[in-house]
Every structure is written in C-alpha cells, then in structure tokens.
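Enquirer: Below are the sequence and a predicted model for it; my questions follow.
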Amino acid sequence: MVYICDDEVPVLRELAEKIGKCMTEEEVLCFSSGDELLEQLNRSVCDILFLDIDMPGISGMDIAGKLNGERGVPLLVFVTSHDELVYESFQYHPFAFIRKGYFDQEIEKVARDAREYLESLDRRFHFRMSGRDLSLLLSDILYFEADGNYLKLYTKAGGYRFRSTVSDVETDLNQYGFVRIHKGFLVNQAAVRMIGREEVELTDSTVLPMGKSYAEQAKSRLLEYMRV
C-alpha cells in the first residue's frame, strides 16, 4: 500500500500516475491535506508514504514527527521543490528525498530501492553461538563489533557473541546495506541517524568510531542511502 500527500491537487494526480507506473503491484491512495492523511494513518498504516514537505496547516515534517511504531512506520519519502530542506528532514529518518523538478529521473530508483528494502525485511542472518543455531532478521541488527576471534552482534533488544570476523560477515551482508565504517565495526545503514567527521550515531544513540581508511567510502554509501 502506498500513500501520497500533496496539497496541490494537479501535482498530486501527476505524482500518483508516475508512482503507479513504477509500482504497479501496489495500491495507491492520495490525500490533499495533512489532516486527511493523519486520519487515514490512524486507521491503517501504509508500506510507503510519499509526503510533500511544504504544505499549509500541517506540514510534511509535522506529519513525520507524529509517526510512531504503534501501528508500524512506513518508509518515508519526502517530495519537495525546496532542496535546502533536505538536511533538516534527516531528523525524521526518511528513506529517500525526491526533488519535484527531477521526479521523473529519481522515482524509478526510489521505487526499486523501496521494493528491495521491503523484501529484505524478511531476510535473516544465521549464526551459531554456544552450540545453538540462531537466526535474526537483518532489520533488527544495529551493528557488528570485532572482539578478538569473536564477533559481537548488537540489536535494540540485546547482544550476541559468536566466532567469526567482520570481514566474513561484511562479504555476506554488504549487498544488504551493511557498511564497514572501521576495521572493527560493520553497521546497518538503516540504523544510522547522524554522520559526523569521525563517528556515526545510531538510532539507539550509540556512537561508533569511523576509521580513516574506511571513512570516505563509508560516508559516500551512507549519505547516498540517507539522501535518495
């Protein structure tokens, strides 16, 4: 299910037509006001939400601030003609940011990335610890940390320690959005809230160091994910 919200009805219709062509398997519902959208979100959450930032009354950022996990949180795609708002929007952890002037060029990639991400939510990481075979959803994993001949795996619910290396896990999970930021750390890009000069902050407020030899490539990948 896809929701689209824009206060300009002609623009809303145009966006719906273009999104529908890229996401033929999804049902698309349109909303011309923030109030109308919030009423619908209280009844039923969508998988992907395309949201105009600059709207009268309740803005797109106001709506983003009201989203919570009680009924699930959709993938949030901000759509705007104001490029200068992209950095301000990061605090709401958008999945992507599309400029209205470049919508045709950017919507296909965003649609493809969103579809791949939603499919990845069912992917799992399998490992063996203390003689037991364990399996975790990739979306639940925050990061991995090297610990001698072992590897620590962290989730919001707790941690695990098992025999492996960062390099081995990186090889398996690189294609699923796990980024090497340091010789001892592999992070889930979806868990990164802020990128600093020498560190990253995660959604659970954990701060991890960024190694000099990894920083350039890591920042490039993380910024690409956060922007579009």
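Expert: Yep, that arrived.

Enquirer: When you work out contacts or count neighbours from here on, use the C-alpha atoms and nothing else.
Expert: Noted.

Enquirer: helix, strand or coil for V11?
Expert: helix (DSSP: H, G, I helix; E, B strand; the rest coil).

Enquirer: So for it, what's the pLDDT?
Expert: Looking at V11, its pLDDT stands at 90.

Enquirer: Once you drop chain neighbours, what's closest to G101?
Expert: Nearest residue to G101, sequence neighbours excluded (Cα to Cα, 6 or more residues apart in numbering): S81, at 6.6 Å.

Enquirer: In this protein, mark out all the helices, start to finish.
Expert: Applying DSSP state H to the chain gives helices spanning 9-22, 34-43, 60-66, 86-89, 103-120, 166-173, 212-227.

Enquirer: In this structure D35 contacts S59, no?
Expert: No: D35 is beyond contact range of S59, at 9.8 Å (criterion: Cα atoms under 8 Å).

Enquirer: what's the distance between the spatially most central residue of the chain and F162?
Expert: Nearest to the geometric centre of the chain sits F95, at 4.1 Å (Cα atoms, centre = their mean). As judged by Cα to Cα, to the nearest Å, F95 and F162 stand 31 Å apart.

Enquirer: And for M226?
Expert: 30 Å.

Enquirer: And these two? Which one has more around it.
Expert: M226 (21 against 16; other Cα atoms under 10 Å).

Enquirer: before we move on, the earlier item: can you pull the contacts of the residue nearest to G101?
Expert: S81 makes contacts with R99, K100, G101, as judged by Cα atoms under 8 Å, 6 or more residues apart in numbering.

Enquirer: hmm, back to that, which pLDDT does the model give the residue nearest to the centre of the chain?
Expert: 86.

Enquirer: Pretty sure it sits against L223.
Expert: No: judged on Cα under 8 Å, F95 makes no contact with L223 at a distance of 11.4 Å.

Enquirer: Low-confidence stretches in this structure?
Expert: 68-72, 84-87, 227-228 (pLDDT under 70).

Enquirer: try 50 this time
Expert: 69-71 (pLDDT under 50).

Enquirer: buried sites along stretch 207-222?
Expert: Buried residues in stretch 207-222, counting neighbours by 16 or more other Cα atoms under 10 Å, are found at V207, L208, P209, M210, G211, A215, A218, K219, R221, L222.
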